[in-house]
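# For reference, the sequence and a predicted model appear below.
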Amino acid sequence: MIQALSFDAAGTLIEPAEPVAETYARLLSPHLGALDPADLKAAFPRAFNSAGIHDYGAHPDGDTAERQWWHRVVEATVGQAVEAAAFGALFDYYANGKAWRVFDEVTTVLHHCRELGFRLIVVSNFDRRLHSILADLALVDHFECILTSADARARKPSPEIFRNALGQLNLMAGEVLHVGDSSDADQNGPKTLGMEAFLLERPATDLRDFLDWVQIRRGI
């Protein structure tokens, strides 16, 4: 019997309220000189995908490792060194709920999931800013646990973060369904432990489609 639902965060529950390239240009240009959002838009995916591993063992806590990784992403995106103060302003901006937007159907779907008796958890490749973000956006109370990669010191698709989530819930893999928008992190990752997963492909599918799938899986 399915007892709990596990949700990715960025791309699943929330998205940046403003295009990332525009935010980077607006907040970093005063420190680095004029930055073209079009150039940053092209550079960001390359920077994100080539930033290397999160070296959790080299840092005293997972959040520090995540912050250092993001510093590398930002520097690779803008193509130059970014001093701590400038990076800090950008990093702190994204800690505020005002920097994010909740997808339209999310609140309704979460309410429905809870009414059906499901336990809800977040499992996200995010640092601990996610806790305050979800609180600002009035989403945190839907979940009994918010587990970030900084908390777990492991990132999806590693089975370790999902194993941690199952431990938090005290459930077996077959009792939890996961949803997220990354085929690697959110589909391949949980499957290594035997968890079923729904791949979200916005705008073709959203969490209403996930809920339909969940109800079919549970026989509702």
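Received, thanks. Residues are numbered from 1 along each chain as shown.
# can you count the residues close to Val82?
Neighbour count for Val82, taken as other C-beta atoms under 10 Å: 20. Yep, even glycine has a C-beta here, placed from its N, CA and C like the rest.
# what number of residues lie near the closest residue to Ala17 other than its chain neighbours?
Excluding its sequence neighbours, the residue lying closest to Ala17 (C-beta to C-beta, 6 or more residues apart in numbering) is Arg101, at 4.5 Å. Per other C-beta under 10 Å, the neighbour tally for Arg101 reads 14.
# likewise Phe162?
Using other C-beta under 10 Å, Phe162 has 27 neighbouring residues.
# ok, now which ones touch it?
Residues in contact with Phe162 (C-beta atoms under 8 Å, 6 or more residues apart in numbering) are Ser6, Val123, Lys156, Ala173, His178, Gly189, Pro190, Thr192, Leu193, Met195.
# isn't the fourth one right next to Ala197, touching?
No - using C-beta atoms under 8 Å, Ala173 makes no contact with Ala197, being 10.8 Å away.
# what residues does stretch 34-44 touch?
If you take C-beta under 8 Å, 6+ apart as the criterion, stretch 34-44 is touched by 19-22, 24-25, 28-29, 73, 76-79.
# So if I had to pick from Ala173 and Ala197, which one is more boxed in?
Higher neighbour count among Ala173 and Ala197: Ala197, with 21 against 18, using other C-beta under 10 Å.
# roughly how far apart are the more buried one and Ala138?
Per C-beta to C-beta, to the nearest Å, Ala197 is found 26 Å from Ala138.
# Can you name the secondary structure element that comes next after whatever helix or strand Ala86 lives in?
Take DSSP states H and E as the rule and Ala86 turns out to sit in helix 84-93. Next helix or strand after helix 84-93 toward the C-terminus (DSSP H and E): strand 100-102.
# Mind listing residues that contact that next one?
Under C-beta under 8 Å, 6+ apart, the answer for strand 100-102 is Leu13, Ile14, Glu15, Pro16, Ala17, Tyr94, Ile133, Leu137, Leu139.
# Just to check, the first one is in contact with Val140?
No - proximity of Leu13 to Val140 does not meet the contact threshold set by C-beta under 8 Å, at 10.9 Å.
# before we move on, the earlier item: which ones among the contacts of Phe162 map onto helices?
Cross-referencing the contacts of Phe162 against helices under DSSP state H gives Gly189, Pro190.
# Return the subset of the contacts of Phe162 lying in strands.
Ser6, Val123, His178 (DSSP state E).
# before we move on, back to that, and the contacts of Phe162, which of them are buried?
Neighbour-count burial (16 or more other C-beta atoms under 10 Å) is assigned, among the contacts of Phe162, to Ser6, Val123, Lys156, Ala173, His178, Gly189, Pro190, Leu193, Met195.
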